[in-house]
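Q: coords please:
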Amino acid sequence: MAEEASDADALKEAEEALCGVTGDVESLELARMLDGPNDGVGAFIDINAGAGGTESMDWAAMLMRMYSRYCERHGWNVEINDLVDGEEAGIKNVSLQIDGARAYGFLKAENGVHRLVRISPFDSAARRHTSFASVYVYPQVDDSIEIDIPEKDVEVKAIRGTGAGGQKVNKTASTIQLRYIPLNWIITVQNERSQSRNRDIAFQMLRSRLYELEQKKREAERDKLEAQKMDISFGSQIRSYVLAPYRMVKDLRTGVERSDVDRVLDGDLDGFITPWLLGVRNPCRAID
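A: Purely as a prediction, here's the structure:
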């Protein structure tokens, strides 16, 4: 009606009202999507540098900062349970513990491989390099949930902490390294000075992984109509961050593209996470 009447003020008012309604609908839909058995709990994030040496280790450190900033924006607490520094720069891997309501529900969208293209700051010839890092997100499992872990399946060692040093790194043998023998999982926790506390955290992480593994087995055949959205196996590339020759971040699952790369790397990720949770493909509105 506003268009037919060529009433610019009425058209603007209608568009604002429509945006408000659309936002309300998306909020309700998002709440519905985050009603899974683990969506309301905290999360663990494991970040591992891929092939590419120093470049990829630096990229892994950039991702750690990005997710830390994203969690801060949501009011979630971030703790480093384990961190292995790179030889020259960055990190080889890190395990983060995220405490906050619905942390896993949102962060599960980040599972997969993240690709960076940029002019290398470590290359004297200023050539363009491509780096990869993997992100694995799994939920925190409440201690009250019974998960049977036979004693024979676990090997626990107390070792000295690793890392560059400082107050956060243990120099005594209070770091706990736990190996889950059936799947050869290695979990290392050095965050706390107490050996028993690190041991408790390591077993909590193991229970969480086993619980998530069982959940995935049960859900493997569910929601086949949403397979494209849900199939984000560890090892599949989900997003590209290009800093040269142009600047663009593109999510390969939803088609969302953003040119405000600095904001994205500073933790502004909702523009990618929300469309994935809602199952949106190539949203009509631009994101900048």
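Q: isn't F203 right up against E151?
A: No. Applying C-beta atoms under 8 Å, one finds F203 not in contact with E151, separated by 11.6 Å. Just so you know, the C-beta spots here come from the backbone N, C-alpha and C atoms, and that holds for glycine as well.
Q: neighbour-wise, which of those two wins?
A: F203 (19 against 7; other C-beta atoms under 10 Å).
Q: excluding sequence neighbours, find me the nearest residue to the more buried one.
A: Nearest residue to F203 in three dimensions, chain neighbours excluded: L178, at 7.0 Å (C-beta to C-beta, 6 or more residues apart in numbering).
Q: check G90 too.
A: Going by C-beta to C-beta, 6+ apart, G90 has M57 as its nearest residue, at 3.3 Å.
Q: which strands and helices sit next to the lengthiest strand in the chain?
A: Counting residues, the longest strand in the chain under DSSP state E turns out to be strand 128-139. For strand 128-139, the helices and strands in contact under the criterion 3 or more C-beta pairs under 8 Å, 6 or more residues apart in numbering; DSSP states H and E are strand 43-49, helix 54-73, helix 103-107, strand 112-119, helix 195-219.
Q: what do you get if the cut-off is 6 Å, keeping everything else the same?
A: Packing partners of strand 128-139 (3 or more C-beta pairs under 6 Å, 6 or more residues apart in numbering; DSSP states H and E): strand 43-49, helix 54-73, strand 112-119, helix 195-219.
Q: partners of the third one, with directions?
A: Pointing back at strand 112-119 there. If you go by DSSP bridges, strand 112-119 pairs up with strand 128-139 (antiparallel), strand 237-242 (parallel).
Q: which of the ones you listed is buried the deepest?
A: The highest mean neighbour count among the strands paired with strand 112-119, using mean count of other C-beta atoms under 10 Å, belongs to strand 128-139: a mean of 21.
Q: and the next element down the chain from that strand?
A: Later in the chain than strand 128-139, the nearest helix or strand by DSSP states H and E is strand 154-159.
Q: tell me which residues of that next one are tucked away?
A: Buried residues in strand 154-159, counting neighbours by 16 or more other C-beta atoms under 10 Å, are found at V154.
Q: show me the shaky parts of this structure.
A: Residue ranges of the chain with pLDDT under 70: 2, 5, 14-32, 142-146, 161-173, 218, 220-236, 280-288.
Q: and G255, how many neighbours?
A: 12.
Q: quick one: buried residues of stretch 82-97?
A: Those would be 82-86, 90-97, for stretch 82-97 by 16+ other C-beta under 10 Å.
Q: which residue lies nearest the spatial centre of the protein?
A: Closest to where the C-alpha atoms of the chain average out (C-alpha atoms, centre = their mean) is E110, at 4.2 Å.
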